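Trainee: 3D model of this:
(chains A and B)
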Protein chains: 2
Amino acid sequence: MTRPAGSAPYTVACIQFEPHIGAREANLDAMEARIRVAQSKGASLVVLPELADSGYVFEGPEELAALAAPVPDGETARRLCALAEELGIHIVSGVAEAAEGRFYNSAMLCGPDGYIGGYRKLHLWDRETLIFTPGDLGLPVFDTPLGRIGMAICYDGWFPETFRLLADAGAEVVCIPTNWVPMPGQHPKDSAMSNVLHMAAAHCNGLYIACADRVGTERGQPFIGQSLIVDPGGFAVAGPAGWQEEAILYAEIDPATVASTRQLNEHNNILGDRRTDLYG
Amino acid sequence: MTRPAGSAPYTVACIQFEPHIGAREANLDAMEARIRVAQSKGASLVVLPELADSGYVFEGPEELAALAAPVPDGETARRLCALAEELGIHIVSGVAEAAEGRFYNSAMLCGPDGYIGGYRKLHLWDRETLIFTPGDLGLPVFDTPLGRIGMAICYDGWFPETFRLLADAGAEVVCIPTNWVPMPGQHPKDSAMSNVLHMAAAHCNGLYIACADRVGTERGQPFIGQSLIVDPGGFAVAGPAGWQEEAILYAEIDPATVASTRQLNEHNNILGDRRTDLYG
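Mentor: Predicted structure coming up:
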């Protein structure tokens, strides 16, 4: 692949906020206000949490059905696309998607020229399995002026294959809308295993990874915040944010450095050294 | 697979020490002394660093040839097997192996009944590529009274596939003899990315992972210590040890908990949730 013209360092922002279940209009208003702040501080790419428009803890399929909408023709997508066009930025957000009678826990990417593409969560968590359909779009990577951008959502990050597939598809920047919950035995304020997983994934694949988590407790389910942006060496360049307060993380990233980061020394390339004779 | 009779909680120890290049006899004496200490404190499984018998920074193939020996018929293997038999424990150690005119950066497992099996490093680091042959034994897992034990070495841990293959082969405990060096831009005392990688691998696969690193600086190459034992949730149960001092880490582990740890909730199993329709 050739590098898109105009690729240069830029600022990515992760918006950590508290969506409210069922309040799509208010959630979109909150997202818009924070996106405007991030853009005013120089962000060219803004990442929002999983299911940022709908909230997370659905009482059942009827509640989800009332909130999910088509992408890109539904309200959430239309509004985010218009905002990206107006502000001249790229936006990645989680969105409750309805398509052909099914529901997907999805993410979407839009930019100054409108809608770019979508992703549907491959690995569903807990009771999501009862109301969402597992993703059927693979792990697409989109060529943009900000580099090659992929998306994954929350529990997808527990599977190293997610990042392998994205890296092999050419990703340089992976945006993670998420709703991280405490792992068994963990308190929401404990240092997040999710951060360990994404540092490791960034390091092992030479990827920027920008994770935007939500905060708050919804119908008894606490979330852990701790949004994080890591560089292709696996080290945090912004965050982790606090576990319960809203925040916007900012980091300057440069996708042009990805290739050189993957070359660890004269003899080792973190992707090239895979023993493909033994595993796929 | 069925659980071996007698499996129960036990103590694993990781010995962090400083081997010296070329001084095999002195290195074996140092290993034996520390193994005896660990056994006297209750350890049933003792893990030693990569190339613990030979040292690491070889001037070239001639120096390696003079130090490498067959496994299990060479001096290192015979001495460790005899010690395991005498003390009634299991030992995993790195060893410089010679076989059919080739050299392998290997690990070996022995127990109260003698030699059990070996492993040859699959992913060679930096100038190792000039003098060692890449491993050709895959990632074997050995059924023992202490659970199902696998081995990997240092840079192998940078490849998530290493732990996937071990978990799929039934591993419950993975022993990592290692000689971790600083990553680009890192000081030996900096918090180790290697620890992040092994916490993530343990969590994503539900594995105990016991990493025994070396310390010291050899021919200008610093090592970072920070040996670590993590549980199947990915959390440290011993260590990280310091970055420059010798240490023995101890942790009580219970391989019988591995299966339940992998079941994250009613709907999710960390291994079972893989999208095998999309990746191998």
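Trainee: same for the helix or strand hosting A:Ala251, what does it pack against?
Mentor: Element membership for A:Ala251, per DSSP states H and E: strand A:247-253. Here strand A:247-253 touches strand A:10-16, helix A:24-40, strand A:208-212, strand A:228-230, strand A:236-238, going by 3 or more CB pairs under 8 Å, 6 or more residues apart in numbering or on different chains; DSSP states H and E. For every residue, glycine as well, the C-beta is placed using N, CA and C.
Trainee: now do the helices in the stretch 1-150 of chain A.
Mentor: Secondary structure of the stretch 1-150 of chain A by DSSP state H, counting those that start in this stretch: the helices cover A:24-40, A:61-67, A:75-87, A:128-131.
Trainee: out of those helices, the one nearest B:Asp73 is which?
Mentor: B:Asp73 lies closest, by CB to CB, to one member of the helices of the stretch 1-150 of chain A: helix A:128-131, at 53.3 Å.
Trainee: using PDB, list the CA coordinates for the closest one.
Mentor: Presented in PDB, the C-alpha positions along helix A:128-131 are these (Å, rounded to 0.1, in the frame of the first residue of the first chain):
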ATOM      1  CA  GLU A 128     -25.100  -8.800  24.500                       C
ATOM      2  CA  THR A 129     -25.200 -12.300  23.200                       C
ATOM      3  CA  LEU A 130     -28.900 -12.400  23.800                       C
ATOM      4  CA  ILE A 131     -29.800  -9.300  21.800                       C
END
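Trainee: centre of the chain to it, how far?
Mentor: 20 Å (CA atoms, centre = their mean, to the nearest Å).
Trainee: in it, what's buried?
Mentor: Of the residues in helix A:128-131, A:128, A:131 count as buried by neighbour count, 16 or more other CB atoms under 10 Å in any protein chain shown.
Trainee: same question for stretch A:209-224.
Mentor: Residues of stretch A:209-224 classed as buried: A:209-216, A:218, A:222-224 (neighbour count, 16+ other CB under 10 Å).
Trainee: how many neighbouring residues does A:Arg262 have?
Mentor: 18 (other CB atoms under 10 Å in any protein chain shown).
Trainee: got a pLDDT number for A:Met1?
Mentor: Confidence at A:Met1, expressed as pLDDT, is 42.
Trainee: adding mean pLDDT and distance to chain B, write the helices of the stretch 1-150 of chain A out as JSON lines.
Mentor: Output for the helices of the stretch 1-150 of chain A, formatted as JSON lines (pLDDT from 0 to 100; distance: least, CB to the nearest CB, whole Å):
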{"stretch": "helix A:24-40", "mean pLDDT": "98", "distance to chain B": "26"}
{"stretch": "helix A:61-67", "mean pLDDT": "97", "distance to chain B": "15"}
{"stretch": "helix A:75-87", "mean pLDDT": "98", "distance to chain B": "25"}
{"stretch": "helix A:128-131", "mean pLDDT": "98", "distance to chain B": "5"}
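Trainee: if we compare the ones you listed, which one ends up closest to B:Gln244?
Mentor: helix A:24-40 (42.7 Å).
Trainee: before we move on, back to that, contacts for the strand holding A:Ala251?
Mentor: The contact list for strand A:247-253 (CB atoms under 8 Å, 6 or more residues apart in numbering or on different chains) reads A:9-16, A:34, A:37-38, A:41-43, A:173, A:208, A:210, A:225, A:227-229, A:231, A:237-239, A:241.
Trainee: contacting residues around the residue nearest in space to the middle of chain A?
Mentor: What sits nearest the mean C-alpha location of chain A, by CA atoms, centre = their mean, is A:Ile176, with 1.9 Å. Listed by CB under 8 Å, 6+ apart, the contact set of A:Ile176 reads A:47, A:151-154, A:156-157, A:198, A:209-212.
Trainee: mind showing which ranges of chain A have poor pLDDT?
Mentor: A:1-7 (pLDDT under 70).
Trainee: show me where it has its strands.
Mentor: Here chain A has its strands, by DSSP state E, at A:10-16, A:43-47, A:90-99, A:102-111, A:114-120, A:141-144, A:147-151, A:173-177, A:208-212, A:217-218, A:221-222, A:228-230, A:236-238, A:247-253.
Trainee: now those as a markdown table including distance to A:Glu266?
Mentor: Below are the strands of chain A laid out as a markdown table (distance: least, CB to CB, whole Å):
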| stretch | distance to A:Glu266 |
| --- | --- |
| strand A:10-16 | 31 |
| strand A:43-47 | 33 |
| strand A:90-99 | 36 |
| strand A:102-111 | 37 |
| strand A:114-120 | 37 |
| strand A:141-144 | 29 |
| strand A:147-151 | 26 |
| strand A:173-177 | 27 |
| strand A:208-212 | 24 |
| strand A:217-218 | 51 |
| strand A:221-222 | 48 |
| strand A:228-230 | 25 |
| strand A:236-238 | 26 |
| strand A:247-253 | 26 |
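Trainee: nearest to B:Cys110, out of the ones you listed?
Mentor: strand A:228-230 (40.0 Å).
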